[in-house]
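Visitor: Test case, fold it:
(chains A, B and C)
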Amino acid sequence: MIAFADVNYFEPWWIQIVKALLIFLVIFGVLPLLTVYERKLLGRFQHRYGPNRVGPYGLMQPLAEIVKFARKEAFRPTGSVGFLFRLAPAISILTAVGGLALIPWGNVQNILGTRIGLYGIDVSIGPLYVFALGGISFYGILLGGWASGSKYSFLGSMRAAAQLISYEVSQGLALVGVLITAQTLSLTGIVNAQRGMWYFIPQIVGFLIFMVASFAETNRAPFDLVEADAELVGGYFTEYGGTGFVAYLFAEYVNMMVVSAMAATLFLGGWLLPFGIHPPGWVDPFVVLAKMMLFMTLFIWIRATLPRLRYDQLMSFGWKVLLPLATLNLLVTAIIVVH
Amino acid sequence: MIKLLNVLRDYLPAVVFLILGGAVGGLFSTLNLLTGVRTRPNLNRSTPYECGLPSEIQRGFRFGISFYLIAMLFILFDIEVIFIYPIAVELRSFGGFALGETITFVILLMIAFIYVWRRGALEWK
Amino acid sequence: MSVVMFFLAAGAAIIGAIGVVTLRNPLYSVLALVCHLVALAALFLLLRAEFVAAAQVVVYAGAVMVLYVFVVAYVGGGEEVSAGSTLRILGPLFALALAVELFIALLGSALSGIHRYGAPYKLGFGTPEQIGRLFLTDYLFPFEVASLLLLVAAIGAVVLARRRRGLEEGALELKDLLAMPRPAYTGTIAEGVGVRRVREQLEQAHGGVTEVVPAGAPGSEEQS
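Guide: Numbers count the residues shown, from 1 in each chain, chains lettered A, B, ... in the order given. All right, here's what the predicted structure looks like:
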């Protein structure tokens, strides 16, 4: 009767809070390293070194930069709406960080006699939670552009908004094949359903659609028209400087992590290892992290490889290619699974 | 009684994450006010970015109808996603009957999609 | 904790709703409505209707409100709008009628429920699984009709957009644009800032600058 995952146990409330804090702190620590990783890798792709002066291997670069950004003047253009101008980046971060709660790092484990689920939340609505937050993050971008009082910002934010909504549909529909096969929306349930075979093999079309749509949703190259400097001068954060600008970058990286984790969970078997290897429970989070890093590397690789699309190409690709393909994938999966 | 509160308790970590996100977001968006350098207000420097020939466009300028159409289409397919998700989860246990219903649902929406496409609403201008 | 959450969400819902009707800037009204809808989703969550809460945010706050924002941008946001005189009288009347109706419903049913336990609750209530089962059994007909409704909505949207002349037939291709006669001093930046050489070159090439002024532009009368 009850299909969603193992929720018939109760973690004490303080364990829930502690594990949420712990996950957040780890992500908060990994994130600056990720920015260095991206720039080192981009440097290598372009036959240069990337940051290598501050600290060993340039690892202290983010620290130096955050100090630099914090010392910037609190700039606000004339004609901007002060309250919303400050609120908008906060909304972006709020929704991005909220998405971290859903990442399943491992199954329910016995730690010191208590059963603890290695995830923030494992709810029956699963990916819909992230989609709901994504719907709200739209306002972070839109308000950022609108409250700046600059036409470039507003134009950029409107185009970002149109791009986000165009690809959100394909992203949502691409998952339906997985849901039909797994028969649950709970992410731990989906991972456990992949014990036989990871979903990216039978659901390769859905996987590709999901990845392409995710690139567009996180505003990464080749879909980074939102910040296309040649035509939009930086998009919705044209007028942002200092930590407001960092806030949008932070949100983008967290979104990338959430999307990578979602892809790893839904299509690459989450914490499972191939060839029937069953490591002890404490390895699970590292497996998930490794799979996430795989996707992060892909994000960076694509950024270094592909040129930016034109805006009308972007829109027609989303609506005329991805959406029909996702629908077809849905129908074919449904027919195959039921028969 | 504990069992009743169970579903809500599932969301406690999410609330913690949202509070943390709000705190970090608030910190980032106000940090410059506290730690940034202060300068005398300067009218020229605080005008919004401008480039090329001065243009007449102001903040209240109007956007094309394409945005409206895209948003309308988005609503349609968003509702489709919301309807399809619960059906997809139950599809296997209901078998062929549910499959027929799903296909009818999707094909009706595809008719709408093809109509919109043929009428040129997907051309971005 | 659920009591605290309830009052927070209920308060946010009421403030949002008041904001929608009192704020004069249409964009602020939309934002207040978003706040209201998200607060409603939190209330749904407190009723253990997880899926409905998610759908509320995804569809209403994430999609319908996006349409509102785009419509505000299309109409030209930022200006304050004022209602016509008929609406000014009819609006409060309708609001009053609705308020009376709601109070009758509230006093009739909800008050008696305050001091009792809620309805019996089964584990698995409000999950997508349960909603899916309901769609395929009790609410099969509404589910199928919904897709028909969406079809009608799509056609309506296109028809409305056409009436606004948003989708014109025979859009201009790039080569048409290049072949079109254009107003002088609008082609290149050098021309725009009035570099004389460009004009001289143009005069040599065409035997005179094509002074085409777009219809309705200031100065079009003098030219013709």
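
Visitor: From now on I want contacts and neighbour counts done on CA atoms only, so please keep to that.
Guide: Noted.

Visitor: ok, the nearest residue to C:Ser2 once chain neighbours are set aside - how many residues close by?
Guide: Of all residues not flanking C:Ser2 in the chain, C:Leu46 sits nearest, at 7.0 Å (C-alpha to C-alpha, 6 or more residues apart in numbering or on different chains). Counted with other C-alpha atoms under 10 Å in any protein chain shown, the neighbours of C:Leu46 add up to 19.

Visitor: any idea how far B:Tyr11 is from C:Leu46?
Guide: Plainly put, C:Leu46 is 10 Å away from B:Tyr11 if you go by C-alpha to C-alpha, to the nearest Å.

Visitor: ok, now A:Arg159?
Guide: 33 Å.

Visitor: And A:Ile136, by the same measure?
Guide: For A:Ile136, the distance to B:Tyr11 - C-alpha to C-alpha - is 18 Å.

Visitor: Just want to know which of the two has more residues nearby.
Guide: Using other C-alpha under 10 Å as the criterion, A:Ile136 and B:Tyr11 rank with A:Ile136 on top: 25 against 18.

Visitor: Touching, that one and C:Ala63? I think so.
Guide: No: here A:Ile136 does not reach C:Ala63: they are 9.8 Å apart, not a contact under C-alpha atoms under 8 Å.

Visitor: Which strands and helices lie in contact with the helix or strand harbouring A:Ala247?
Guide: Using DSSP states H and E, A:Ala247 maps to helix A:242-267. Helices and strands touching helix A:242-267, by 3 or more C-alpha pairs under 8 Å, 6 or more residues apart in numbering or on different chains; DSSP states H and E, are helix A:61-70, helix A:82-99, helix A:187-193, helix A:204-217, helix A:284-305, helix B:12-35.

Visitor: so how far is the third one off the chain centroid?
Guide: Same thing as helix A:187-193. Its chain's average C-alpha position is 19 Å from that of helix A:187-193, according to C-alpha atoms, centre = their mean, to the nearest Å.

Visitor: Kindly report the same for the fourth one.
Guide: A distance of 12 Å separates the centroid of the chain from that of helix A:204-217, by C-alpha atoms, centre = their mean.

Visitor: now swap in the last one and tell me
Guide: Centroid separation for helix B:12-35 versus its chain: 21 Å, with C-alpha atoms, centre = their mean.

Visitor: now swap in the fifth one and tell me
Guide: If you compare the mean C-alpha spot of helix A:284-305 with that of the full chain, they lie 11 Å apart, counting by C-alpha atoms, centre = their mean.

Visitor: Buried residues in that helix, which are they?
Guide: Buried residues in helix A:284-305, counted by 16 or more other C-alpha atoms under 10 Å in any protein chain shown: A:284-285, A:287-289, A:291-293, A:295-297, A:299-301, A:303-304.

Visitor: Check the last one too.
Guide: Judged by neighbour count using 16+ other C-alpha under 10 Å, the buried positions of helix B:12-35 are B:12-18, B:20-22, B:24-33.

Visitor: can you check the first one too?
Guide: When neighbours are counted by 16+ other C-alpha under 10 Å, the buried residues of helix A:61-70 are found to be A:Gln61, A:Pro62, A:Phe69, A:Ala70.

Visitor: For whichever residue of chain C sits closest to chain A, which residues are in contact?
Guide: Evaluated by C-alpha to the nearest C-alpha, chain C has C:Gly62 as its residue closest to chain A, separated by 4.1 Å. Each residue near C:Gly62 by C-alpha atoms under 8 Å, 6 or more residues apart in numbering or on different chains is listed here: A:Ala132, A:Gly134, A:Gly135, A:Ile136, A:Phe138.

Visitor: ok, now with 6 Å
Guide: Shown in contact with C:Gly62 (C-alpha atoms under 6 Å, 6 or more residues apart in numbering or on different chains): A:Gly135.

Visitor: Same check on A:Ala90?
Guide: B:Gly25, B:Gly26.

Visitor: same thing but at 8 Å, please
Guide: A:Gly140, A:Ala247, B:Gly21, B:Gly22, B:Val24, B:Gly25, B:Gly26, B:Phe28, B:Ser29.

Visitor: ok, the first one - how many residues close by?
Guide: Put plainly, it is A:Gly140. 25.

Visitor: Helix A:242-267 and the helix or strand containing it, what's the angle between them?
Guide: Assigned by DSSP H and E, A:Gly140 belongs to helix A:127-147. Angle, helix A:127-147 to helix A:242-267, by axes from the mean of the first three to the mean of the last three C-alpha atoms, to 10 degrees: 160 degrees.

Visitor: what about C:Gly113, how many neighbours?
Guide: C:Gly113, neighbours per other C-alpha under 10 Å, totals 11.

Visitor: Need the per-residue pLDDT for it.
Guide: Note on C:Gly113: pLDDT of 71.

Visitor: Closest one of the contacts of A:Ala90 to B:Ala88?
Guide: Using C-alpha to C-alpha, A:Gly140 comes nearest to B:Ala88 of those, at 31.4 Å.
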